[in-house]
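> Need a 3D model of the following:
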Amino acid sequence: MSATLGFEDPNMFIATLIASPGGLTPADLGTARDAIGGAGGMVSETSWIDAGEAADLFFGRLDVAGARAVLEGLLPDVDVIVQPRAHRAKKLLIADMDSTMITIECIDELADYAGIKPQIAEVTERAMRGELQFEQALDARVALLAGLDAAVIDRCYTERVVLMGGARTLVRTMKAHGARAVLVSGGFTVFADRVGEAIGFDRMLSNVLDIADGKLSGTVRKPIVGADAKRETLLAEVAALGIKPEETLAVGDGANDIPMIQAAGLGIAYHAKPKTAAAAGARIEHRDLHALLFAQGYARSVWVTD
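Numbers count the residues shown, from 1 in each chain. Down below sits the predicted model:
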C-alpha cells in the first residue's frame, strides 16, 4: 500500500490512472502530468501503485473538477479517479447490486423465464436512465410477473447470477483494512441476501417480493428501497460508525444511485447510464471493480483474494 494514504493536507489531491495490466506506460504518466501542469496545477510526485496498471499523480494548485476536465478521456482505455488526498482509504462502502456487484438485472432475467424479457427490460433501462420514476416503474414491472412460479427464483440465481469482476476482492480487502460494507439494492432480497453473503457484505437492504401459494403475487412490499433509501442508508451508517462523509465510498450505475453517490466522499458511477455518469464525482468505464481498490491506494500485494 502507498505510504501516502494517511496524508491529510486538504489542499492536495490525487489523480489515479487505472488501465488493464500493461496498459499504462511512463509516457502516459508524463502526458497526464503535462495536462495538469497546462491547466495550472503542479504535480509534486508520481508513484506506481502497480507498475503498468495503476499510478498516482499527487498535485496541488488545481481542484478536482479542473483536473477531471483535462484528464478524463486523455488516454485511451484508462480510467481516471481524482479526489482529495485526505481520507483516501474509505471506512464505509455502500454499493448497488444489479449491474454493479453482479453482471445482470435480476428482474429482467426473471422476466425472461416468464417470456416477457424485452417488455420489462425496456422499462428497466428507462428507469435506470432516469426517464421513469423508480418506484412506479418497479411496481409496474413486478405486476407483470404475477403468477410466475417462485421456484424460478432459485433457478435464476443458479443459472444467471454472476458476480462482477473484483466484487469479492473489493469488499474483502476493504473489510480487512477495517471498513464496513453495505449492499443497498432496488432489487430483491431473494437475490441480494445471497449475493451479499457470497461477496462478504456486512449488511444487505433490498425489496421484498410478495409470494403466495408458490407464485409471485405481482406486488413488492412497501416502502420500496429506492433512491432516497440508498442515500439515507449511507447517512445512517455514517452516523452509526461515527465517521465523516468524506470517509465513504458509494458505487452504482443507475439514476436511483445518484443521491447516494453524491452524498459519499467518493461517489463512483460504474459503467453507468449517462445521467448517473454526469452526476458522479468519478467514473469507471473500462476496468472492473478492482479499480475501486486502486482508487484507495491498495496495491495487488495487499488484496484479499481468497
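> and the helix or strand hosting Ala240, what's its mean pLDDT?
Using DSSP states H and E, Ala240 sits in helix 227-241. When pLDDT is averaged over helix 227-241, the result is 98.
> what about dumping the CA coordinates of that helix to CSV?
The C-alpha coordinates for helix 227-241 follow below in CSV (Å, rounded to 0.1, in the frame of the first residue of the first chain):
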residue,chain,number,x,y,z
ALA,A,227,-33.0,6.5,-4.4
ASP,A,228,-33.9,8.1,-1.1
ALA,A,229,-33.4,4.9,0.9
LYS,A,230,-30.0,4.4,-0.6
ARG,A,231,-28.9,7.9,0.5
GLU,A,232,-30.5,7.6,3.9
THR,A,233,-28.7,4.3,4.5
LEU,A,234,-25.4,5.9,3.7
LEU,A,235,-26.0,8.8,6.1
ALA,A,236,-27.3,6.4,8.9
GLU,A,237,-24.3,4.2,8.6
VAL,A,238,-22.0,7.3,8.8
ALA,A,239,-23.8,8.4,12.0
ALA,A,240,-23.7,4.9,13.5
LEU,A,241,-20.0,4.5,12.8
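> Output the helix or strand just after it in CSV with nothing but the alpha carbons.
Using DSSP H and E, the helix or strand that directly follows helix 227-241 along the chain is strand 248-252. Output of strand 248-252 as CSV, limited to C-alpha atoms (Å, rounded to 0.1, in the frame of the first residue of the first chain):
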residue,chain,number,x,y,z
THR,A,248,-17.3,6.8,2.5
LEU,A,249,-17.3,5.2,-1.0
ALA,A,250,-20.5,4.7,-2.9
VAL,A,251,-20.8,2.9,-6.3
GLY,A,252,-23.7,2.3,-8.7
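> Summarise which helices and strands whichever helix or strand comes after strand 248-252 is packed against.
Beyond strand 248-252 in the direction of the C-terminus, DSSP H and E gives the next helix or strand as helix 258-263. For helix 258-263, the elements it packs on are helix 227-241, strand 248-252, strand 266-270, helix 274-279, judged by 3 or more C-beta pairs under 8 Å, 6 or more residues apart in numbering; DSSP states H and E. (Each C-beta comes from the backbone N, C-alpha and C, glycine too.)
> is it possible to export the ones you listed to JSON lines including mean neighbour count?
Converted to JSON lines, the helices and strands packed on helix 258-263 look like this (neighbours: other C-beta atoms under 10 Å):
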{"stretch": "helix 227-241", "mean neighbour count": "18"}
{"stretch": "strand 248-252", "mean neighbour count": "29"}
{"stretch": "strand 266-270", "mean neighbour count": "27"}
{"stretch": "helix 274-279", "mean neighbour count": "16"}
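> so which of these gets nearest Thr16?
For Thr16, the closest of these is strand 266-270, at 10.7 Å, according to C-beta to C-beta.
> quick one: average confidence on that closest one?
Here the average pLDDT along strand 266-270 is 98.
> quick one: that strand to strand 248-252, angle?
20 degrees (axes from the mean of the first three to the mean of the last three C-alpha atoms, to 10 degrees).
> Pretty sure Ile18 is one of the things Asp77 touches, is it not?
No - the pair Asp77 / Ile18 is not scored as a contact, 9.9 Å apart, by C-beta atoms under 8 Å.
> Would you mind grabbing the residues shared as contacts by these two?
Taking C-beta atoms under 8 Å, 6 or more residues apart in numbering as the contact rule, Asp77 and Ile18 both touch His286.
> Of these two, which one has the most company?
A count of neighbours by other C-beta atoms under 10 Å puts Ile18 above the other of Asp77 and Ile18, at 25 against 12.
> That one bridge partners, please.
Ala54, Asp79 (DSSP bridges).
> OK, contacts around it?
Here Ile18 is in contact with 24, 53-54, 78-81, 284, 286-287, 291, 294-295 (C-beta under 8 Å, 6+ apart).
> Using CSV, lay out those together with distance to Leu266, pLDDT and neighbour count.
Formatted as CSV, the contacts of Ile18 follow (distance: C-beta to C-beta, whole Å; pLDDT from 0 to 100; neighbours: other C-beta atoms under 10 Å):
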residue, distance to Leu266, pLDDT, neighbour count
Leu24, 21, 98, 24
Glu53, 20, 98, 21
Ala54, 15, 98, 29
Val78, 18, 98, 23
Asp79, 13, 98, 21
Val80, 13, 98, 23
Ile81, 8, 98, 26
Ile284, 11, 98, 25
His286, 18, 98, 15
Arg287, 15, 98, 22
Ala291, 12, 98, 26
Phe294, 12, 98, 24
Ala295, 7, 98, 27
